[in-house]
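*Asks:* this one's structure only:
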């Protein structure tokens, strides 16, 4: 067991770890992972405050995870909880107070909150101990709720959460709240950039880019783990990739409305201009100061390349749009990149972008049926798409569909 000094050192290190993550979704999942690790919790959830409700964001459960095939992630439904005193999470958000409950099935009758056993019934899981912590800023504003479930002793038996550990997890939660606020500001800035693109091209909605980014992260993580990449490398890459994928088409802000909003098919000259959005977007990140800048550059430039070499813009100088010496190709400006010549970020966003275009309603088309979408993706494996990444895609298609449902278009 860790002594008090070791616990303090570890909780400070956990705080330092989360402070390095810029993307909101990656951050929330990491906060939940680290908090469960510190308290040896079997399961947990994290919620974000959105006005008068809590939005359920992530769920982890070791017991249920062990029942899944290796490499699979839990599929969970998104839902909301009112911020009031009736539920445990709602009470904690409403009052800004931590609740440490030894047994949720033995909550006193005079308590204003109660435990809803519906999840236990549906999942065949048994919740016993629960530690629910407000994620609170220094001025008292609650930005989220962290809920840890079933503390375990060294023999794997469920025990109450330690009262002594409350001060440490509270310290961690304060740092997590600050990190969440910062990540929310970053997400807002990204969505504002995307809103500019949406004004030009109605297809570039916030829901679309969130779906593309989430698909890309899910596929990339499973692919990287299959390849044996180190956990710290994967985690670092996921944050940069998710933000970069949201901006994959940001270069469209530089394309004329005459082309972007044309109701008919583009003629060849117009299509060649439309292709320029790849390197025009990459130019925004030409001066690379961070991993995110590098990722955004690679995604913007390469997400329309094809595995078989038939994509665009190919081997060009992004600063000028001209072919690189020795890579000119007859009939177009530059030879397309193929296979592993295409950076991994470009290959995975290509899969995510095409899938979402086929599976979603657009002004010019209705969403295709699930069978038609998956058959088309299968047909394009080895042509448009990286075959190894597509194996991962099909292995995780239930997760992909859950992501699609999580970010619906606004009516």
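*Replies:* Structure's in. What do you need? Computed from a predicted model, the values in this text were never measured in an experiment.

*Asks:* so for the longest helix belonging to the chain, what gets flagged as buried?
*Replies:* For the chain, the longest helix by residue count, based on DSSP state H, is helix 166-200. Judged by neighbour count (16 or more other C-beta atoms under 10 Å), helix 166-200 contains these buried residues: 168-169, 172-180, 183, 187, 190, 193-194, 197-198, 200. C-beta here means a position set from N, CA and C on the backbone, and glycine is covered the same way.

*Asks:* which SSE is immediately downstream of it?
*Replies:* Next in sequence after helix 166-200, counting helices and strands by DSSP states H and E, comes helix 206-227.

*Asks:* so what does that next one touch, helix or strand wise?
*Replies:* helix 24-39, helix 166-200, helix 231-246, helix 344-359, helix 387-395, helix 397-406 (3 or more C-beta pairs under 8 Å, 6 or more residues apart in numbering; DSSP states H and E).

*Asks:* mind putting these in JSON lines, distance to residue 282 and mean pLDDT included?
*Replies:* Below are the helices and strands packed on helix 206-227 laid out as JSON lines (distance: least, C-beta to C-beta, whole Å; pLDDT from 0 to 100):
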{"stretch": "helix 24-39", "distance to residue 282": "23", "mean pLDDT": "91"}
{"stretch": "helix 166-200", "distance to residue 282": "14", "mean pLDDT": "85"}
{"stretch": "helix 231-246", "distance to residue 282": "11", "mean pLDDT": "90"}
{"stretch": "helix 344-359", "distance to residue 282": "11", "mean pLDDT": "96"}
{"stretch": "helix 387-395", "distance to residue 282": "21", "mean pLDDT": "96"}
{"stretch": "helix 397-406", "distance to residue 282": "26", "mean pLDDT": "92"}
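
*Asks:* please list all residues in contact with the residue nearest to residue 358 when sequence neighbours are not counted.
*Replies:* Sequence neighbours aside, residue 373 is the residue nearest to residue 358 in space, at 4.6 Å (criterion: C-beta to C-beta, 6 or more residues apart in numbering). By C-beta atoms under 8 Å, 6 or more residues apart in numbering, the contact list for residue 373 reads 355, 358-359.

*Asks:* same question for residue 303.
*Replies:* By C-beta under 8 Å, 6+ apart, the residues touching residue 303 are 248, 278, 346, 349-350, 353.

*Asks:* re the thing from before, and the helices and strands packed on helix 206-227: which comes nearest residue 381?
*Replies:* helix 387-395 (4.3 Å; C-beta to C-beta).

*Asks:* what angle do helix 344-359 and the closest one make with each other?
*Replies:* Helix 387-395 and helix 344-359 meet at an angle of 40 degrees, taking axes from the mean of the first three to the mean of the last three C-alpha atoms, to 10 degrees as the criterion.

*Asks:* great, nothing more from me.
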